[in-house]
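Visitor: build me a model from this:
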Amino acid sequence: MFDRIRNLGTQSLTLPPSVRRLGARAAALLRPLLDRLKVLTRPAWESWRSFYEKREPREKRLLRFAGALLDVLFAYDLFYLPIAGWRQDLADRVATRRRDLIEVRSLMRTYDRLQHSLEVAQRRTLPGGPNFSLFSVLEQTLTTTAGRDRIGSITPSDHPVPGGFRQYTVDIKLNGITLPQIVDTLYGVQSLSMPVTVSTLEIHQQARDPHAFDVDMTCMALGKDG
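Guide: Numbers count the residues shown, from 1 in each chain. Below you'll find the model as predicted:
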């Protein structure tokens, strides 16, 4: 075996010249190590060979079987386990990349939905500005649906919100109106040409008149700031 390795660079092989030169260089580098290894292992090898030659044919077959088994185990540990571990590591990395890709696609779909919701919300904003008054719009609607004498109070307020918008809020109290008037009022607010939302609604029946109701409601709209 050692002679075969030693002569690796000098054998006449049908290989490209560059490969033969590389093999010769490798053999030259390994030759001192192989010679030393041969010297160190020769006593043990001769002892083992003498021991083997003295065995019966059946024992020799058992020894050859044991040697073949050790070769298989050695090859399994040296080649198969690293390759299997590499394949498993590669499979784990592929699975991780696949999960990352699925997560990224989910985030992209979420972003598209939020972007669409933002565009819809922007289309539903009021023009705003210093001349806009949600109070005037609602007062006119309530006067038509419930009557001016039923309006207890209309309290407007507004404050800026992130994104360059301003939230307009109007708290309304209506006193002693009927159910048809409540329906007409809600329909009138929802039918305005501008997007106004009824955010809260409380209806209380009057004790002295079961057909009359007091209504507390808050209307809200979003407009561009400035």
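Visitor: helix or strand right after the helix or strand bottoming out on mean pLDDT in the chain?
Guide: In the chain, no helix or strand scores lower on mean pLDDT, DSSP states H and E than helix 2-6, which sits at a mean of 46. Next helix or strand after helix 2-6 toward the C-terminus (DSSP states H and E): helix 17-53.
Visitor: just the buried residues of that next one, please?
Guide: Residues of helix 17-53 classed as buried by neighbour count (16 or more other Cβ atoms under 10 Å): 20, 23, 27, 34. No exception for glycine: its C-beta is placed from N, CA and C like everyone else's.
Visitor: repeat that for stretch 137-145.
Guide: Buried residues in stretch 137-145 (16+ other Cβ under 10 Å): 137-139, 141-142, 145.
Visitor: closest to Ile177 among the buried residues of helix 17-53?
Guide: Using Cβ to Cβ, Gly23 comes nearest to Ile177 of the buried residues of helix 17-53, at 103.3 Å.
Visitor: let me know the distance separating that closest one from Gly163.
Guide: As judged by Cβ to Cβ, to the nearest Å, Gly23 and Gly163 stand 72 Å apart.
Visitor: quick one on the thing from earlier: can I get the buried residues of helix 17-53 in a markdown table with pLDDT and distance to Arg49?
Guide: Below are the buried residues of helix 17-53 laid out as a markdown table (pLDDT from 0 to 100; distance: Cβ to Cβ, whole Å):
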| residue | pLDDT | distance to Arg49 |
| --- | --- | --- |
| Arg20 | 71 | 34 |
| Gly23 | 73 | 30 |
| Ala27 | 73 | 26 |
| Leu34 | 72 | 19 |
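Visitor: what segments of the protein are strands?
Guide: 151-161, 165-177, 197-205, 213-224 (DSSP state E).
Visitor: report the contact partners of Ile151.
Guide: Counting by Cβ atoms under 8 Å, 6 or more residues apart in numbering, Ile151 touches 139, 142-143, 172-175.
Visitor: same question for Gly176.
Guide: Going by Cβ under 8 Å, 6+ apart, the list of residues near Gly176 reads 150, 206, 209, 212-214.
Visitor: can you pick the most crowded of the residues you listed?
Guide: Arg150 (20 neighbours; other Cβ atoms under 10 Å).
Visitor: which one of the contacts of Ile151 sits closest to Arg97?
Guide: Checking the contacts of Ile151 one by one against Arg97 (Cβ to Cβ), the nearest turns out to be Ile172, at 57.0 Å.
Visitor: just confirm that closest one contacts Asp216, I think it does.
Guide: Yes: using Cβ atoms under 8 Å, Ile172 makes contact with Asp216 at a distance of 7.4 Å.
Visitor: can you read off the pLDDT for Ala146?
Guide: Here, the pLDDT recorded for Ala146 equals 89.
Visitor: from Gln206, how far out is it?
Guide: For Ala146, the distance to Gln206 - Cβ to Cβ - is 15 Å.
Visitor: just Ser153 next, same as before
Guide: Distance, Ser153 to Gln206, using Cβ to Cβ: 17 Å.
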